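>>> next come a sequence and a model predicted from it.
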Amino acid sequence: MPHWNWPGREGQNIEVRCFSNCKQVELFLNGRSLGKKAVTQDSHLDWTLPYAPGVLSASGFDAEGRVTAQTKVETTGVPASVRLVPDHTTIAADGEDVSVFKVSVGDAQGRTVPVANNLIHFELSGPGKIIGVGNGDPACHEPDVYLVQNPVQSVGLNEGWRWNKVTKLNSQPRAEYATNFDDSSWEGTDVQSDAGQLGDREQAVFRVKFQASQRDLSAAGVSLNFELLDDDAYIFVNGQHVGDGHVEKMPAVFDVKLFLHPGENTIAVGVINKGGPGGIMNGVTLEYRFEPIPPHWQRSAFNGLAEIIVQTTKQSGEIKLTAAAEGLVPASKVITSTAGNYRACLP
């Protein structure tokens, strides 16, 4: 070690280390011997030599001087393609079995480029799922696991509330709940306060208007959240009754997507206070929940390598993994998930 890709350092000295359990090791650069050295047990050998592109090789000898081991590292070309090699091409369709794919960045001759750090993107199809990626770099800050994102947009509805005391409230429609009711003469109020607007056994209707865009309403769900309704409450959106709230249910949450429309919308809340301070307190929010975004799996290569773990579901079929990086030829590999196929675990 190390690798033999040092562009720009031609002629500069590079320290080369060799680890071996042979008796002697001879180092070669582009076929020229750099000397033979005896191996000290549980140690390593060092050479310092000027860098020149090519092949750095080593031969190990036993006590009789016979060559018993050989290895080499080569100067590679620039990154050209991505390669995938699974450790198993057939796995059990049991929802637990996995195949670990070795991911490598190769040059035009298919040699792993040891200085490649390309960001590699992964896609999977078929009855399987990706459960982790890695690259062996202890300083890498990229996540090992990517989770499904559930985008949520919360909008505070704490400004513009008006209120007016009334009597005989219930869940039946009344003029104050209607969309076009004129509440301009009503007083404003702070629905974020924890003091409450109502005294003992008082009743009131609270109203607020807000805007909703077409994008807002493209959400999979929209909830109206009251942190505290004290004591009993009747909630209307655009004149339609969407549900009732009670002090023992905190917070009070209502699914209101079906009651909304683009543009201006109106919320009206009738509150009956049975004792002590009451009203709308501690804040109101609208929560838009959009469709889950599937994870985008990716990992940077380290020393030209990365790994990705694919796990089966409980369905049989072909699982196809594709790996791609900008400017490189992508790679795809298919493995098979088979029912009743269980690998033995050997010690």
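Perfect, thanks for sending it.
>>> ok now stretch 46-54, how far from the chain's centre?
Between the centre of stretch 46-54 and the centre of its chain there are 43 Å (Cα atoms, centre = their mean, to the nearest Å).
>>> so for it, mean pLDDT?
Averaging pLDDT along stretch 46-54 gives 95.
>>> now do it: everything it contacts.
Residues outside stretch 46-54 that contact it (Cβ atoms under 8 Å, 6 or more residues apart in numbering): 4, 6, 9-18, 27, 29-30, 34-35, 37, 74-75. All C-beta atoms are positioned from the backbone trio N, CA, C, and that covers glycine.
>>> only whichever of these are buried, select them in ChimeraX.
To isolate the buried members of those in ChimeraX, using 16 or more other Cβ atoms under 10 Å:
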select :4,16,18,27,29,74,75
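>>> return the subset of the contacts of stretch 46-54 lying in strands.
Of the contacts of stretch 46-54, the ones assigned to strands by DSSP state E are N13, I14, E15, V16, R17, C18, L27, L29, L34, G35, K37, E74.
>>> chain neighbours aside, what residue packs nearest to the third one?
Excluding its sequence neighbours, the residue lying closest to E15 (Cβ to Cβ, 6 or more residues apart in numbering) is T48, at 5.3 Å.
>>> where do the helices sit along the protein?
Read by DSSP state H, the chain holds no helices at all.
>>> center of the chain - which residue?
Central residue of the chain (Cα atoms, centre = their mean): Y146, 2.9 Å from the mean position.
>>> contact partners for the residue lying closest to it once chain neighbours are set aside?
Nearest residue to Y146, sequence neighbours excluded (Cβ to Cβ, 6+ apart): P295, at 3.5 Å. Taking Cβ under 8 Å, 6+ apart, we find P295 in contact with I130, Y146, L147, V148, Q149.
>>> count of residues packed around the fourth one?
Which is V148. 8 (other Cβ atoms under 10 Å).
>>> I'd say S81 and L328 touch.
Yes - contact criterion Cβ atoms under 8 Å: S81 and L328 qualify, at 5.4 Å.
>>> common neighbours of the two, please.
The contact sets of S81 and L328 overlap at V105 (Cβ under 8 Å, 6+ apart).
>>> break down the stretch 201-347 of the chain into its strands, ranges please.
Taking DSSP state E, counting those that start in this stretch as the criterion, the stretch 201-347 of the chain carries its strands at 203-212, 221-230, 232-237, 240-246, 252-255, 263-272, 279-289, 298-300, 305-312, 317-324, 331-338.
>>> tabulate these (TSV), appending mean pLDDT, distance to K168 and mean neighbour count.
Putting those into TSV (pLDDT from 0 to 100; distance: least, Cβ to Cβ, whole Å; neighbours: other Cβ atoms under 10 Å) gives the following:
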stretch	mean pLDDT	distance to K168	mean neighbour count
strand 203-212	97	8	19
strand 221-230	96	19	21
strand 232-237	96	12	23
strand 240-246	94	16	16
strand 252-255	96	22	17
strand 263-272	97	10	20
strand 279-289	96	18	21
strand 298-300	97	62	20
strand 305-312	97	61	22
strand 317-324	98	64	19
strand 331-338	97	65	18
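>>> for D97, find the nearest of these.
With Cβ to Cβ as the criterion, D97 lies closest to strand 305-312 of the strands of the stretch 201-347 of the chain, at 5.1 Å.
>>> tell me which residues are up against that closest one.
Contacts of strand 305-312 (Cβ under 8 Å, 6+ apart): 86, 91-105, 112, 120, 122, 124, 127-136, 297, 299-300, 319, 321, 323, 335, 337.
>>> ok, how many other residues are close to F61?
F61: 19 neighbours (other Cβ under 10 Å).
>>> kindly apply the preceding question to D144 instead.
D144: 12 surrounding residues under other Cβ under 10 Å.
>>> for it, what are its contacts?
Applying Cβ under 8 Å, 6+ apart to D144 gives the contacts G132, V133, G134.
>>> top of the residues you listed by neighbour count?
Of the contacts of D144, with other Cβ under 10 Å as the count, V133 tops at 22 neighbours.
>>> partners of that residue in the sheet?
Beta-bridge partners for V133, by DSSP bridges, are I308.
>>> and it, how far is that from C140?
10 Å (Cβ to Cβ, to the nearest Å).
>>> ok, now S223?
As judged by Cβ to Cβ, S223 and C140 stand 38 Å apart.
>>> for the residue lying closest to Q298 once chain neighbours are set aside, what are its contacts?
In this structure, Q298 finds its nearest non-sequential neighbour in H121, 4.8 Å apart by Cβ to Cβ, 6+ apart. Contacts for H121 (Cβ under 8 Å, 6+ apart) come out as H296, W297, Q298, A323, A324, A325.
>>> try 10 Å this time
Residues near H121 by Cβ atoms under 10 Å, 6 or more residues apart in numbering: V82, H296, W297, Q298, R299, T322, A323, A324, A325, E326, P330.
>>> repeat for F259
Counting by Cβ under 10 Å, 6+ apart, F259 has contacts V222, L224, I235, F236, V237, N238, G239, Q240, H241, V242, N265, I267.
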